[in-house]
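Enquirer: Structure for the following, please:
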Amino acid sequence: MVLGYHISSQVKDMDLSVIHGYLSHSYWAKNIPLNTMETAINNSLCFGVFTTSGSQVAFARMITDTATFAYLSDVFVLEEHRGKGISKWLMQEIIDHPKLQGIRRMALATSDAHGLYQQFGFKALNSPESFMELHQPDIYKPC
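Expert: As a prediction, this is how the structure comes out:
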């Protein structure tokens, strides 16, 4: 727990304008359309961190069937709220969430936060030769 904040996993609590505002400028979802982000949120297990006044300051979503597989995506903490332990607290809440217990495999991709995720048991792929991807990095790029 981080004093002055609370976590919700209710989609109705998520502030789409804050989430889209951040993600549409991120290196992994640059230019993502608002309606695409809304669809993604509505079809995922989402986690938001909020101030006591209700402002959203962090977000993460788990794309999952809640039985066998989960993919962690779109994790961020707004810059002015970093350094307070929010990311670690958020990750612990995600790992402990009842709908994510018994999951055989959780995956994620990151360019810059390996240290955070390693604290929660994530590591490099055990057999990267087994994994494949269809990656379309410019899909949100304006025409």
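
Enquirer: how about the nearest residue to A29, chain neighbours excluded?
Expert: Once flanking residues are discounted, A29 sits nearest to L23: 4.4 Å by CB to CB, 6 or more residues apart in numbering. Heads up, the C-betas are built off the backbone N, CA and C, glycines and all.

Enquirer: Name the SS class of the residue minimising distance to the centre of the chain, please.
Expert: Nearest to the geometric centre of the chain sits A60, at 2.4 Å (CA atoms, centre = their mean). Under DSSP: H, G, I helix; E, B strand; the rest coil, A60 falls in the strand class.

Enquirer: Tell me where the model's unsure across the protein.
Expert: Scanning the chain for pLDDT under 70 picks out 143.

Enquirer: in it, which spans are strands?
Expert: Here the chain has its strands, by DSSP state E, at 5-8, 45-51, 56-64, 69-77, 105-108.

Enquirer: okay if I get those strands as a markdown table plus distance to K123?
Expert: Converted to a markdown table, the strands of the chain look like this (distance: least, CB to CB, whole Å):
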| stretch | distance to K123 |
| --- | --- |
| strand 5-8 | 25 |
| strand 45-51 | 22 |
| strand 56-64 | 18 |
| strand 69-77 | 14 |
| strand 105-108 | 11 |
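
Enquirer: How many neighbouring residues does the closest residue to the residue nearest to the centre of the chain other than its chain neighbours have?
Expert: Excluding its sequence neighbours, the residue lying closest to A60 (CB to CB, 6+ apart) is V75, at 4.2 Å. Per other CB atoms under 10 Å, the neighbour tally for V75 reads 22.

Enquirer: Please point out which parts of the biggest helix by length in the chain sit buried.
Expert: The longest helix of the chain (DSSP state H) is helix 86-96. If you call a residue buried by 16 or more other CB atoms under 10 Å, then helix 86-96 has these buried ones: 86-87, 89-91, 93-94.

Enquirer: All set, thanks.
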